[in-house]
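Trainee: What would the 3D arrangement of this be:
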Amino acid sequence: MTGIAFFRKHKQPGARAQAIVEFAIVLPVLLAMLIAIFEFGRMVFIYTAATNASREAVRFASAIGFQDTTYYRKYQYCSGIRATAKKYGFMLNLQDSNIRIYYDNGPGTTAVEKCTGSSYTVTNDPTIVVKMGQDRVKVTVSANYSPMVHFLPIATRTFTSSSARTIAGDVKVGP
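Mentor: All right, here's what the predicted structure looks like:
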């Protein structure tokens, strides 16, 4: 019992109030750091999701073969390319206007945008004619980032990711 009495006897008056004041001073700094970490994480996530969506959409478009349920060549299947981008960028709430599909003859050549206007709703765009193994498909995905908390000076920005792949040719198996 003497140890407890000794501790209580030497406790300084006002120490608890001092701790509350120190906590009140440090709390805004800690909250600002926490919000900054959260917003930076969201920003990196949106950038990564846009990059992943463009990569997977161009991978789908350049694959050999036909669409699984129909007889459309995958590079002509505009809505399938867009659906793939939306599937992998599901947290981005992508619209058709955020996904642009181009075709070119290789690096450094002029890219022609296809799947625009009325072909947004067309399942198969037969006007897309390419040389297998030479021409490329390029998919560009744009995603908007807007901070949830406007406490910190983080600006709204748009992340754009482009991926391109050579369209694989049809392979004949057998004699």
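
Trainee: what's the biggest helix by length in the chain packed up against?
Mentor: In the chain, assigned by DSSP state H, the helix with the most residues is helix 15-62. Helices and strands touching helix 15-62, by 3 or more Cβ pairs under 8 Å, 6 or more residues apart in numbering; DSSP states H and E, are helix 78-88, strand 99-104, strand 136-145, strand 157-166. The way it works is simple: take the backbone N, C-alpha and C, and place the C-beta from them, glycine included.

Trainee: For this structure, name the helix or strand with the lowest mean pLDDT.
Mentor: None of the helices or strands of the chain scores lower by mean pLDDT, DSSP states H and E than helix 2-10, at a mean of 55.

Trainee: re the thing from before, closest to residue 30 out of the helices and strands packed on helix 15-62?
Mentor: Proximity to residue 30, assessed across the helices and strands packed on helix 15-62 by Cβ to Cβ, is greatest for strand 136-145 (24.2 Å).

Trainee: who does that closest one pair up with?
Mentor: Take DSSP bridges as the rule and strand 136-145 pairs in its sheet with strand 99-104 (antiparallel), strand 157-166 (antiparallel).

Trainee: Let me know whether residue 98 touches residue 158 as I believe.
Mentor: No: counting by Cβ atoms under 8 Å, residue 98 stays clear of residue 158, with 9.4 Å between them.

Trainee: so what's in contact with those two at the same time?
Mentor: Taking Cβ atoms under 8 Å, 6 or more residues apart in numbering as the criterion, residue 98 and residue 158 both touch 142-143.

Trainee: more crowded one of those two?
Mentor: Shown here are residue 98 and residue 158; by other Cβ atoms under 10 Å, residue 98 has more neighbours (21 against 12).

Trainee: who's in contact with the closest residue to the more buried one other than its chain neighbours?
Mentor: In space, and not counting its chain neighbours, residue 98 is closest to residue 142: 4.8 Å by Cβ to Cβ, 6 or more residues apart in numbering. Residue 142 makes contact with 50, 98, 100, 158-160, according to Cβ under 8 Å, 6+ apart.

Trainee: between the residues you listed, which is nearest residue 62?
Mentor: Of these, the one sitting nearest to residue 62 (Cβ to Cβ) turns out to be residue 100, at 16.0 Å.

Trainee: any low-confidence regions in the protein?
Mentor: 1-15, 64-72, 117-127, 129-130, 132-133, 169-175 (pLDDT under 70).

Trainee: how about a cut-off of 50?
Mentor: Scanning the chain with the threshold set as pLDDT under 50 gives 118-121.

Trainee: Stretch 91-108 spans what distance, first to last residue?
Mentor: Length of stretch 91-108, first residue to last, Cα to Cα, to the nearest Å: 33 Å.

Trainee: List the buried residues of it.
Mentor: 92, 94, 98-104 (16 or more other Cβ atoms under 10 Å).
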